[in-house]
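[1] can't give you the sequence, but here's the structure:
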Ligand SMILES: N[C@@H](CCC[C@H](N)C(=O)O)C(=O)O
């Protein structure tokens, strides 16, 4: 009698929340208490699992997947080394997350990003030095928040996602302090606060009530070894029901300092006569008045093209691919780094008239200017405190909203005098409004406030 075949491996069940911030939608995963094997499968090197989940017809559908992990278990994923990277991306060693927070050994971003939200409101003061010994900057966060675009590429910042992660970790009891501190894989520390306070108090009371009611209901996740030691209370908290459909938190996020790869906050955006040029990575992006076309010239690239393996600009212009329908005048393009790269195009027409896909893709393909591709925002200024945006995201296409894009647009608009510094600027996007504050000081961080909404909780076998 032959021995019976080995039993099939147990199914890998991914548990997640579907969330959205102004229609920018996310699958949010608790990678702290999710079995290690599930996270491993999720991050397979060819991005196959992520892409299948991202598919809006055959999967769950998302613009980004957000994975919350403990610092010690968040190494640089294989995906990060092959995916799109931000212009400030660093090598693998630098991407390793500090397991312990040692004062004085922090990244510069800590000093800028970890400032308390109330400290950075309405104050035109530079942040504390990274070598200084402030108790705020010395605080450590045990949580790391990783971001994967719908195309599977790992990236390093997501504003709408940050708000959703804040609500998620608070609701699931992964974080108990009122200030929610989550680090991006690149090392930026986000300081967040749920600002509808009544809601938080109600939820905390509800959570302890639910936990008491469900002491035995601890098997929503299969804990792996180090989690088997967890107390019944902690495990019970994993099975908390999600909030009702459409439940929304308002979250305020300290988003850090807008910056560029050159000097100053934005890269040099130079008005040359009637033409606009932006110099970035030794290349010039020019929009001319005479012809509403984008042209790229490279001072460093010998091939005279975009130098990055995409189409040459000459080819793109010849093919008529870079015309700007509905944009009769040259428009400024400002390059802003919010921890991820942005190109903000200032329009003098309605954002509704722009071929977002065509122009966004054209900008993204200019690899000499944007070696890691770029998120593109088209901005229409309505009043000194109100702008409209449409967004073409790297790795996700047109999205209904983009938190970092809203911040980048406000930074550019403040710096170039199109909106008021220090006022709360309303950024209207197709999915709704965000409020962004920035003083315009080159070292001052921005704050962003807006909703984070839970759609549903789900489980899927990978
Ligand atoms: N939707 C996000 C940004 C997500 C990442 C982006 N697509 C990138 O590749 O950098 C936001 O709200 O900021």
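    Cool, got the structure. All of these numbers come straight from a predicted model, not from anything done at the bench.

[2] near the ligand, which residues of the stretch 1-150 of the chain?
    24, 63-64, 147, 149 (CB under 6 Å from any ligand atom). In this view, the C-beta of every residue, glycine as well, is placed from N, C-alpha and C.

[3] top of those by neighbour count?
    Ranked by neighbour count (other CB atoms under 10 Å), those have residue 24 at the top, with 29 neighbours.

[4] now do the same contact list for that residue.
    Under the criterion of CB atoms under 8 Å, 6 or more residues apart in numbering, the neighbours of residue 24 are 63-64, 160-161, 399-403, 431.

[5] which of these fall within helices?
    Applying DSSP state H to the contacts of residue 24, the entries found in helices are 160-161, 403.

[6] in stretch 402-420, what's buried?
    Residues 402-416, 418-419 are the ones in stretch 402-420 that count as buried (16 or more other CB atoms under 10 Å).

[7] now, which of those residues lie close to the ligand?
    Residues of the buried residues of stretch 402-420 in contact with the ligand (CB under 6 Å from any ligand atom): 402-404.

[8] partners of the longest strand seen in the chain in the sheet?
    The longest strand of the chain (DSSP state E) is strand 446-461. If you go by DSSP bridges, strand 446-461 pairs up with strand 13-21 (antiparallel), strand 247-256 (antiparallel), strand 432-437 (antiparallel).

[9] that one close to the ligand?
    No - against the ligand, strand 446-461 shows no contacts by CB under 6 Å from any ligand atom, the least distance being 9.1 Å.

[10] quick one: buried residues of that strand?
    446-454, 457.

[11] closest to residue 252 out of those?
    Residue 252 lies nearest to residue 449 out of the buried residues of strand 446-461, by CB to CB, at 4.4 Å.

[12] so that closest one touches residue 195, yeah?
    Yes - applying CB atoms under 8 Å as the test, residue 449 and residue 195 come out as touching, 6.7 Å apart.

[13] who touches both of those two?
    The contact sets of residue 449 and residue 195 overlap at 250-252 (CB under 8 Å, 6+ apart).

[14] which one of those has the most neighbours?
    Ranked by neighbour count (other CB under 10 Å), the shared contacts of residue 449 and residue 195 have residue 251 at the top, with 25 neighbours.

[15] hey, what's that residue bridged with?
    Beta-bridge pairing for residue 251 (DSSP bridges): residue 194, residue 450.

[16] hang on, it packs against residue 195?
    Yes - using CB under 8 Å, residue 251 makes contact with residue 195 at a distance of 6.8 Å.

[17] find residues that contact each of these two.
    Common contacts of residue 251 and residue 195 (CB under 8 Å, 6+ apart): residue 449.

[18] got the contact list for the closest residue to residue 15 other than its chain neighbours?
    For residue 15, ignoring the flanking residues on the chain, the nearest one in space by CB to CB, 6 or more residues apart in numbering is residue 459 at 4.9 Å. Counting by CB under 8 Å, 6+ apart, residue 459 makes contact with 13-16.

[19] how is the chain partitioned into domains?
    13-75+140-205+242-254, 260-293+311-444 (the TED database).

[20] just the closest of the shared contacts of residue 449 and residue 195 to the ligand, please.
    Comparing the shared contacts of residue 449 and residue 195 against the ligand with CB to the nearest ligand atom places residue 251 closest, at 12.2 Å.

[21] and the stretch 151-300 of the chain, which residues reach the ligand?
    Within reach of the ligand by CB under 6 Å from any ligand atom, the stretch 151-300 of the chain has these residues: 155, 158-161.

[22] helices of this protein, start to end?
    All helices of the chain, identified by DSSP H, fall at 36-42, 48-54, 78-82, 92-95, 108-113, 117-120, 135-138, 159-171, 197-213, 225-228, 232-238, 313-318, 356-364, 403-415.

[23] compare the mean pLDDT across those and name the weakest.
    Among the helices of the chain, helix 92-95 has the lowest mean pLDDT, at a mean of 27.

[24] and the residue of the stretch 201-350 of the chain found nearest the ligand, what's its pLDDT?
    Nearest residue of the stretch 201-350 of the chain to the ligand: residue 340, at 3.3 Å (CB to the nearest ligand atom). Per-residue pLDDT puts residue 340 at 94.

[25] again, but for residue 2
    pLDDT for residue 2: 88.

[26] switch the contacts of residue 24 over to CSV; also include distance to residue 386.
    Formatted as CSV, the contacts of residue 24 follow (distance: CB to CB, whole Å):
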residue, distance to residue 386
63, 25
64, 27
160, 19
161, 24
399, 20
400, 18
401, 15
402, 17
403, 17
431, 16
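
[27] where does pLDDT dip in the stretch 201-350 of the chain?
    Residue ranges of the stretch 201-350 of the chain with pLDDT under 70: 201-240, 260-331.

[28] run the last query once more with 90
    201-246, 259-335, 343, 345-349 (pLDDT under 90).

[29] could you do the stretch 351-462 of the chain as well?
    Across the stretch 351-462 of the chain, the ranges flagged by pLDDT under 90 are 353-371, 412, 415-417, 421-423, 440-443.

[30] which bits of it sit near the ligand?
    Checking the stretch 351-462 of the chain against the ligand by CB under 6 Å from any ligand atom, the hits are 375, 393-396, 399, 402-404.

[31] out of those residues, who's nearest residue 187?
    So of these, ranked by how close each gets to residue 187 (CB to CB), first place is residue 404, at 15.9 Å.

[32] with that, I have no additional questions.
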